[in-house]
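Colleague: Here is a sequence together with a model predicted from it:
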Amino acid sequence: MRIACVQYAPELGRVTQNTERVRELTTSLKPGQVDLLVLPEMALTGYMFDSLEEIASLLEDPYAGEGATLALASELARHAQCHVVAGFPERASPRALEELGSQGQHDARIAREEVTGLAHLPRVERKAFNAAMLVSPDGSLVKIFRKHFLYEADTTWADEGGGFEYLDVPGLGRICVAICMDLNPYTLESEFSRYELASFCEQHRVDCLVVPMNWLLPEDEIGAQTGPNEPSFATINYWVARCMPLWMPGLCQPGHEGHTTYVVACNRTGVERV
């Protein structure tokens, strides 16, 4: 499988400008050159919104054919003749609400009474979701995946998705799309060794785990890198640690040795609201 990630610095709220920037970055892609194109979490809107009111005008409903992200993802998919994954803020349409907790979703959250801190719990319920769409090479919407574990910045406007999911996709195999904080322990309070997302992928023999991200640079690395394009090895090592069940076959599901899962992390670059 050939995969390309679009990693750039979206400007908060500037959807038109961000759309043009993604077009510039993908203009050289030729039809059939890649099988999967991945954009970051909240790819066209930026990420740091303080309230539902602030982000309300940018919410999208792909089921109704609405939104800049669906329009761009469909354009890119048709142009490159590939599947596209793109993060976006989703309006809680009736269909989206119907899908919460539907069959096939795995709810990996620990009980609320086990959570002592409230920073990562939603403050606004059933209004919007931090989501990612999968679009087919013909430009049609295949599926919407919703962020299951929220980061503190999400809680000002988004609700929790119903659970982790996978989908069997011709040409891609069994794919799971999760979003950023989904790779962490739930609310950062469940046991590290639960490996919620990776264990789900191992149990269901997922072929490709795709994770659009707005992952923070560790505080001790801010200003310490030699250049803006230098990787954060501490971050990469942490991602690897959170995926331990996938590179230690049989750790959580004995008998699953021999299955390979590819992990695709597409993180944005740049800064917001500093």
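Modeller: Here it is on my side, so go on.

Colleague: Please save the CA atoms from the lowest-mean-pLDDT helix or strand in the chain in CSV.
Modeller: When each helix and strand of the chain is scored by mean pLDDT, DSSP states H and E, helix 244-247 comes last, with a mean of 91. Extracted in CSV, the C-alpha atoms of helix 244-247 (Å, rounded to 0.1, in the frame of the first residue of the first chain):
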residue,chain,number,x,y,z
MET,A,244,2.8,-2.1,21.9
PRO,A,245,0.1,-4.8,21.3
LEU,A,246,0.7,-4.3,17.5
TRP,A,247,4.4,-4.9,17.6
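
Colleague: residue ranges for the helices of the protein, please.
Modeller: 15-26, 52-55, 68-80, 94-99, 196-203, 233-242, 244-247 (DSSP state H).

Colleague: quick one, which of those helices is nearest to Trp215?
Modeller: helix 233-242 (6.3 Å; Cβ to Cβ). All C-beta atoms are positioned from the backbone trio N, CA, C, and that covers glycine.

Colleague: okay, the helices of the chain, which one's buried deepest?
Modeller: helix 196-203 (a mean of 23; mean count of other Cβ atoms under 10 Å).

Colleague: I'd like to check the angle between that one and helix 233-242, please.
Modeller: 50 degrees (axes from the mean of the first three to the mean of the last three Cα atoms, to 10 degrees).

Colleague: Quick one: list the elements packing against the least confident helix or strand of the chain.
Modeller: Here helix 244-247 touches helix 196-203, going by 3 or more Cβ pairs under 8 Å, 6 or more residues apart in numbering; DSSP states H and E.

Colleague: Can you list the neighbours in contact with the helix it packs on?
Modeller: The contact list for helix 196-203 (Cβ atoms under 8 Å, 6 or more residues apart in numbering) reads 106, 108, 149, 164, 166, 176, 178, 182-183, 185-186, 190, 206, 209, 242-246, 249, 251-253, 256, 259, 261.

Colleague: which of the residues you listed count as buried?
Modeller: The neighbour count (16 or more other Cβ atoms under 10 Å) marks 106, 108, 149, 164, 166, 176, 178, 182-183, 185-186, 190, 206, 209, 242-246, 249, 251-252, 256, 259, 261 as buried among these.
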